[in-house]
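**Q** Sequence first, then the predicted structure, then my questions.
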Amino acid sequence: DTEVTQTPKHLVMGMTNKKSLKCEQHMGHRAMYWYKQKAKKPPELMFVYSYEKLSINESVPSRFSPECPNSSLLNLHLHALQPEDSALYLCASSPLPTGQGLSQPQHFGDGTRLSIL
Amino acid sequence: AQKVTQAQTEISVVEKEDVTLDCVYETRDTTYYLFWYKQPPSGELVFLIRRNSFDEQNEISGRYSWNFQKSTSSFNFTITASQVVDSAVYFCALSENSGGSNYKLTFGKGTLLTVNP
């Protein structure tokens, strides 16, 4: 079993819906990440949180809104998504975001498969 | 800009064959880290190995082995006596500093390995 837990595993939503993806880790990691992965493509970084603060936003549209309530939780709030946003959304965590973070492997969850109707 | 190239899009082998997955990278950094991840159909990316730019020792872990050659900027991955459970997409990734104390992973496009019984 993965040590990074994502819920839900599957989500189907209409373009006017509001939903949230959740990610949880209890490894004491202080960096958490959201990635988007389209079929047959590598993961694309969306956001990085370091010590519960947003440190990287890869020019993601505002219809995606991340939130890090505490060091163990990471949410991704979704609103007014487009069909092209259908993808696998992966959460990851790593021990340290800064300095030694260069060498830290990221631990990934199973992802949420999102379909926009 | 950093770049990771996995020239093999798909590889198909018969069980018990050996298979090598190629990875070539480009970076201007003198300190960097390379990673291999496995992504089975379930979606989770599983961390396999990390190698830093100063350590060119090859590594063996069971049926897996890695050949890091700085002179050719390559970090190849060999599976010996492949098994059906090895079927997955394999990603090579490079850890890069993205400004200040932030860092992120640059992924190759991945190689889909299919091991047939």
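**A** Okay, I see it.
**Q** List the buried residues of stretch A:90-109.
**A** Under the neighbour-count criterion of 16 or more other CB atoms under 10 Å in any protein chain shown, stretch A:90-109 has A:90-97, A:101-109 buried. Where you see a C-beta, it was placed from the backbone N, CA and C, and this is true even at glycine.
**Q** Please read the previous query as pertaining to stretch B:60-77.
**A** For stretch B:60-77, the neighbour count (16+ other CB under 10 Å) marks B:64, B:65, B:66, B:67, B:68, B:73, B:74, B:75, B:76, B:77 as buried.
**Q** ok now do the most centrally placed residue in chain A, which residues does it touch?
**A** Nearest residue to the geometric centre of chain A (CA atoms, centre = their mean): residue A:34, 2.6 Å. Going by CB atoms under 8 Å, 6 or more residues apart in numbering or on different chains, residue A:34 touches A:23, A:45, A:46, A:47, A:66, A:74, A:76, A:89, A:90, A:91.
**Q** and if we set it to 7 Å?
**A** A:46, A:47, A:66, A:76, A:89, A:91 (CB atoms under 7 Å, 6 or more residues apart in numbering or on different chains).
**Q** Quick one: mean pLDDT over the host helix or strand of it.
**A** Here residue A:34 sits within strand A:31-37, counting by DSSP states H and E. For strand A:31-37, mean pLDDT rounds to 95.
**Q** Output the below-cut-off pLDDT ranges for chain B.
**A** B:1-2, B:98-102 (pLDDT under 70).
**Q** what does it have sitting close to chain A?
**A** For chain B, the residues in contact with chain A (CB under 7 Å from any CB of the partner chain) are B:33, B:35, B:42-45, B:47, B:50, B:52, B:91, B:95, B:97-98, B:101-105, B:107-110.
**Q** Just the ones of these in helices?
**A** Among the residues of chain B next to chain A, none falls in helices (DSSP state H).
**Q** Pull out the C-alpha coordinates of the helix or strand bottoming out on mean pLDDT in chain A and format them as PDB.
**A** Scoring the helices and strands of chain A by mean pLDDT, DSSP states H and E places strand A:53-57 at the bottom, with a mean of 90. Extracted in PDB, the C-alpha atoms of strand A:53-57 (Å, rounded to 0.1, in the frame of the first residue of the first chain):
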ATOM      1  CA  LYS A  53       3.300  27.400   2.100                       C
ATOM      2  CA  LEU A  54       2.800  27.600  -1.700                       C
ATOM      3  CA  SER A  55       6.300  27.800  -3.200                       C
ATOM      4  CA  ILE A  56       5.700  26.900  -6.900                       C
ATOM      5  CA  ASN A  57       2.700  27.500  -9.100                       C
END
